[in-house]
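# Next input, structure requested:
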Amino acid sequence: MDDQLIDQKHTLTHHALGTRIVLTVYGDAAAAVLQPSMDLIDGYEDRLTVNRDQSELMDVNHAAGIKPVAISPTSYALVKLAVKYSRQDFGFNALIGPLVKLWKIGFKGANVPAEADLKDRLKLTDPWQVKLDDQARTVYLEQAGMELDLGGIAKGYIADRIKDFWRQQGVTAGIINLGGNLLFVGPSPRRDDGQWVIGVQDPQLHRGENMEVVRQAACSAVTSGIYERFLIKDGRRYHHLIDPRTGYPLDTDLSSVTVFTDQSVMGEIEAKRLFFNGQPIPGWLDRPGNHGAVFIHNDESVENVGV
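Numbering: from 1, shown residues only. Here you go, the predicted structure:
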């Protein structure tokens, strides 16, 4: 192992996508990619955010029930991917926004909604009411009040695009950390076998305290969990992960699922697939791009799949 390369670690930190971004590369020549990478992240956020009144995605939302809206090729590709997996009805749903805003878990005014209000909002979360035109690259939400929110998939997509950029620029090793959504690029320069050492956080402890440590070749590590935002009402605890099939927080004994995949965007999707399933899925590990998963239950028992 080249000890000099290990010492040539360069890190840049930034706040974007509602979280702390940390980019790390190894080798002095690679340092030049850090600021352009942050600029790329900011550009994606400008197009995809729903936390500002103006963005490509908000243009689509503002036009719900009125007209189709043309968006950029990258935004359209991500919307199309999100709609595809939303229609599989396993728990991931990019139209979940109206329900999330009704519960407000983790935000001021959090409450348990009335059953009638839940039923009304559920009508606005149907992914089959999103009309996509590949030729014109337009997106049309058929009902007024519908909202697209790519927060459950965008960080993974952006991480993959940063990895593509790094490869184009000749970066041989690095870590893309988008608020805990991790993507490892190239072999680790700190280990002779090239594997990365990845900590899986204990949901019951402070951030950074790990329940499990996994060693993997370059991959993405993405976690879905219910332990950071919740509401307690009349002695009952409601977490923030809403099941779009019921309108209520998912009933589960899982605290988190961490998946290891080739693509970070697929890590976002597969972490939710396993979390909503509540247990390992037979044959999941045999699917291309899936390398393993760690299930952590509320009783702190751990179940490993392929790691």
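# For the closest residue in space to Ala154 that isn't next to it in sequence, grab phi and psi.
Using C-beta to C-beta, 6 or more residues apart in numbering and skipping residues adjacent in sequence, the residue nearest Ala154 is Leu48, 5.2 Å away. To be clear about C-beta, it is placed using only N, CA and C from the backbone, and glycine gets the same treatment. The phi and psi values for Leu48, taken as degrees, to the nearest 10, are phi -110, psi -10.
# Neighbours of Leu48, how many?
Residues within reach of Leu48, counting by other C-beta atoms under 10 Å, total 27.
# State the pLDDT value of it.
Note on Leu48: pLDDT of 95.
# And for Gly208?
With respect to pLDDT, Gly208 has a value of 64.
# Surely Val79 is in a helix?
Yes: assignment of Val79 by DSSP: H, G, I helix; E, B strand; the rest coil places it within a helix.
# Pull the number of nearby residues for it.
That count, for Val79 with other C-beta under 10 Å as the rule, works out to 23.
# Which residue comes closest to it once chain neighbours are left out?
Distances taken as C-beta to C-beta, 6+ apart place Val139 nearest to Val79, at 5.5 Å, with adjacent residues excluded.
# Would you confirm that the one you found contacts Ala82?
No: here Val139 does not reach Ala82: they are 10.4 Å apart, not a contact under C-beta atoms under 8 Å.
# Pull up the overlap in contacts between those two.
Leu148 (C-beta atoms under 8 Å, 6 or more residues apart in numbering).
# Now do the phi/psi pair for Ile158.
Per-residue torsions, Ile158: phi -70, psi -40 (degrees, to the nearest 10).
# Excluding chain neighbours, give the residue nearest to it in space.
Tyr44 (4.8 Å).
# Tell me how many other residues surround the one you found.
20.
# Just say helix, strand or coil for it.
Tyr44 is classified as helix under three-state DSSP.
# now it: how far from Gly156?
Distance of Tyr44 to Gly156, given as C-beta to C-beta, to the nearest Å: 12 Å.
# packing partners for the helix or strand hosting Thr74?
With secondary structure defined by DSSP states H and E, Thr74 is part of helix 73-86. On a contact count with 3 or more C-beta pairs under 8 Å, 6 or more residues apart in numbering; DSSP states H and E, helix 73-86 meets helix 34-48, helix 56-62, strand 130-133, helix 154-168.
# So for that helix, what gets flagged as buried?
Under the neighbour-count criterion of 16 or more other C-beta atoms under 10 Å, helix 73-86 has 74-76, 78-79, 81-83, 85-86 buried.
# Report the distance from that helix to the chain centre.
Its chain's C-alpha centre and that of helix 73-86 lie 14 Å apart, by C-alpha atoms, centre = their mean, to the nearest Å.
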